[in-house]
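A.B. asks: Build me a model from this:
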Amino acid sequence: MKRFLVGMFIVVIFPVWSIPMAVAQFSEAGVEKFRVPVEAPDLTLREVDGGKVSLKELRGKIILLNFFASW
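C.D. replies: As a prediction, this is how the structure comes out:
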């Protein structure tokens, strides 16, 4: 039963509890939604195999960009 309650906290309660904190942080930083949709600037990245992929080529597709640092 204890394991179930911990799982429920992690899956349900924690995300709901953290939403007001995230909203407050965005508000404090002055971040707000765009009133008018804005297109992303064109972006061309090099693939691992040496090819190139452009954001314009992927128009209409769902993409996920993950920029990370290993420091």
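A.B. asks: just so I have it, where are all the helices in the protein?
C.D. replies: Assigned by DSSP state H, the chain shows helices spanning 2-8, 14-29.
A.B. asks: Now tabulate these in TSV and tack on mean neighbour count and distance to Asp49.
C.D. replies: Every C-beta, even on glycine, is put in place using the N, C-alpha and C of the backbone. What follows is the helices of the chain, written out as TSV (neighbours: other Cβ atoms under 10 Å; distance: least, Cβ to Cβ, whole Å):
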stretch	mean neighbour count	distance to Asp49
helix 2-8	9	41
helix 14-29	10	38
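A.B. asks: would you list those in CSV and tack on distance to Lys52?
C.D. replies: Compiled in CSV, the helices of the chain are given as follows (distance: least, Cβ to Cβ, whole Å):
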stretch, distance to Lys52
helix 2-8, 44
helix 14-29, 34
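A.B. asks: Same list (those helices) but as a markdown table, adding mean pLDDT and distance to Leu45.
C.D. replies: Converted to a markdown table, the helices of the chain look like this (pLDDT from 0 to 100; distance: least, Cβ to Cβ, whole Å):
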| stretch | mean pLDDT | distance to Leu45 |
| --- | --- | --- |
| helix 2-8 | 77 | 39 |
| helix 14-29 | 76 | 27 |
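A.B. asks: Compare the ones you listed and give me the one nearest Gly60.
C.D. replies: Judged by Cβ to Cβ, the one of the helices of the chain that comes nearest to Gly60 is helix 14-29, at 28.4 Å.
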